[in-house]
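Trainee: Fold the stuff below for me.
(4 chains)
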Number of protein chains: 2
Amino acid sequence: MARTVGSVGAETAKRVLKEALRLFAREGYAAVSMRQIAGKCGLQAGALYNHFPTKQAILNELMVTHLESLLAAYDETPDHASPLDALEAFARFHIAYHIDKPEEVFIAYMELRNLETGNLGPVMKLRQQYERCLRGILRNGVASGDFEIDDVPVTAMAIISMMTGVNTWFRYGGRLSIREIETIYVNMIFALVGKNDQRMGNSTEEERVNV
Amino acid sequence: MARTVGSVGAETAKRVLKEALRLFAREGYAAVSMRQIAGKCGLQAGALYNHFPTKQAILNELMVTHLESLLAAYDETPDHASPLDALEAFARFHIAYHIDKPEEVFIAYMELRNLETGNLGPVMKLRQQYERCLRGILRNGVASGDFEIDDVPVTAMAIISMMTGVNTWFRYGGRLSIREIETIYVNMIFALVGKNDQRMGNSTEEERVNV
DNA sequence: GTCTATAGATGGATAGAC
DNA sequence: GTCTATCCATCTATAGAC
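Mentor: Numbering: from 1, shown residues only, chains lettered A, B, ... in the order given. Predicted coordinates for the structure are as follows:
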């Protein structure tokens, strides 16, 4: 959006987005100045306006790009015939993707209120589109008799919330590997939808988590 | 903290906190000015400094007060001999309390990064103290053989995240009452810890949630 | 305890030289 | 496409009158 064409300009715009992402995630959109962003890019503040018309445009680009990438990445995930496999795949995908992009995830949630009204709608649409994927899986499982679920929309939100919550405590080099965390969550989610099949064992040490 | 004594002053300070809470929750700490807060209180900006030395002090007071109130309210909750009852009570308490104080909850999580270093430590301690309550319940249940849990700390964080997530979609007048939502979550959480006892039935209509 | 007024800093965004 | 310089608005916090 509003990027200058040409390879050099495109490179600079990418750099701006990258640095703005880090700063917004750490300090919050409102607390970050265009001068700060420019400084991290080795530019003067005025130069940013060759690439983005406003600070708001940078935020919007970050949020839209993140959500579109998330959806695209999930779309590239292999299909699964059984609802159980689809649910496991969704969970593993969600956790791994979110751990991999903590700053994007953080911003996409925390800075919603700083999106101007015109930008908010499309972003919310993308969020809901992703949530609908999980609801579809749950509904299929209910229809096939694989899952026992009181309330599909509530359960979908609960599952997404608990998985996204991993980002608040996960640290690289901690007690559990990403794969182990995925497995713990898959087991919890299976239990949640009425399936007691345990996936292969995982860490038995029960210690404090690296919060 | 740094409140002026005297009944009139205390009333004004409360008013300031109340309006600051609403504004911070809606627009974010960094995006709200002292003038805005003063305006909502029918004051001029300078008058705020009779009650709080800095804007930061207002934020800190809001966060500390919220977490202390949360812990105090949970402490007043009746004790339960069985881990299952304790877990249900914790879940119902958490959901109802969080739905009742959405702005406090929102700020206590979102504005952590805007707390100055000296203020962050005590706030994090309070958060962890609350999380420890749930871990204690889970450990008791594992010890008594009531619960089957892969990883207590991870499960505790998952449960807290899924419950707190209710605040992102709950709206008064929506499809489900608070009590119904509590029950759905209690059932999910029971399944999560390996107990299949269902609590009394709840809404059967399976429709979209009022997100 | 609140007011007006203001200091002093910093913000987003623009203009024009190169 | 980036620079310097700057406009103008707004910010936190303070000073002093009442």
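Trainee: Let me see the domain layout of chain A.
Mentor: As given by automatic domain parsing, the domain ranges for chain A are A:1-53, A:55-211.
Trainee: out of these, which comes closest to B:Leu115?
Mentor: domain A:1-53 (11.8 Å; Cβ to Cβ). (Glycine included, C-beta is placed from N, CA and C.)
Trainee: distance between the closest one and the chain's centre?
Mentor: Relative to its chain's centre, domain A:1-53 lies at 22 Å (Cα atoms, centre = their mean, to the nearest Å).
Trainee: pLDDT value on the closest residue to A:Arg135 other than its chain neighbours, please?
Mentor: Once flanking residues are discounted, A:Arg135 sits nearest to A:Ala156: 4.6 Å by Cβ to Cβ, 6 or more residues apart in numbering or on different chains. According to the prediction, A:Ala156 has pLDDT 98.
Trainee: can you tell me the helix or strand for A:Ala156?
Mentor: With secondary structure defined by DSSP states H and E, A:Ala156 is part of helix A:152-164.
Trainee: what comes up buried for the helix or strand of chain A with the lowest mean pLDDT?
Mentor: The weakest-scoring helix or strand in chain A, judged by mean pLDDT, DSSP states H and E, is helix A:7-27 (a mean of 92). By neighbour count on 16 or more other Cβ atoms under 10 Å in any protein chain shown, the buried set for helix A:7-27 is A:12-13, A:15-17, A:19-21, A:23-25.
Trainee: quick one: contacts of it?
Mentor: Residues from elsewhere that reach helix A:7-27, judged by Cβ atoms under 8 Å, 6 or more residues apart in numbering or on different chains: A:3-4, A:32, A:36-37, A:40-41, A:43, A:48, A:50-52, A:58-59, A:61-62, A:65, A:102-104, A:106-107, A:111, B:30, B:113-114.
Trainee: for the record, mean pLDDT for the top helix by length along chain A?
Mentor: As assigned by DSSP state H, the longest helix anywhere in chain A is helix A:117-144. The average pLDDT within helix A:117-144 is 97.
Trainee: and what of stretch A:42-50?
Mentor: On average, stretch A:42-50 scores 97.
Trainee: what's next to it, contact-wise?
Mentor: With Cβ under 8 Å, 6+ apart as the test, stretch A:42-50 has contacts from A:4, A:9, A:12, A:16, A:33-35, A:37-38, A:41.
Trainee: wait, what's in contact with A:Val154?
Mentor: Counted by Cβ under 8 Å, 6+ apart, A:Val154 has contacts B:176, B:181, B:184-185, B:209.
Trainee: actually A:Phe90, sorry about that
Mentor: When contacts are counted by Cβ under 8 Å, 6+ apart, A:Phe90 touches A:74, A:77, A:133-134, A:137.
Trainee: cool, A:Gly173 as well?
Mentor: A:Gly173 makes no contacts at all, as judged by Cβ under 8 Å, 6+ apart.
Trainee: Where does the nearest residue to A:Glu148 once chain neighbours are set aside sit: helix, strand or coil?
Mentor: Distances taken as Cβ to Cβ, 6+ apart put A:Gly194 closest to A:Glu148, at 3.2 Å, once the chain neighbours are dropped. What DSSP: H, G, I helix; E, B strand; the rest coil gives for A:Gly194 is coil.
Trainee: ok, back up a step: reformat the contacts of A:Val154 as a markdown table; add pLDDT.
Mentor: As requested, the contacts of A:Val154 are exported to a markdown table (pLDDT from 0 to 100):
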| residue | pLDDT |
| --- | --- |
| B:Leu176 | 97 |
| B:Ile181 | 98 |
| B:Ile184 | 98 |
| B:Tyr185 | 98 |
| B:Val209 | 56 |
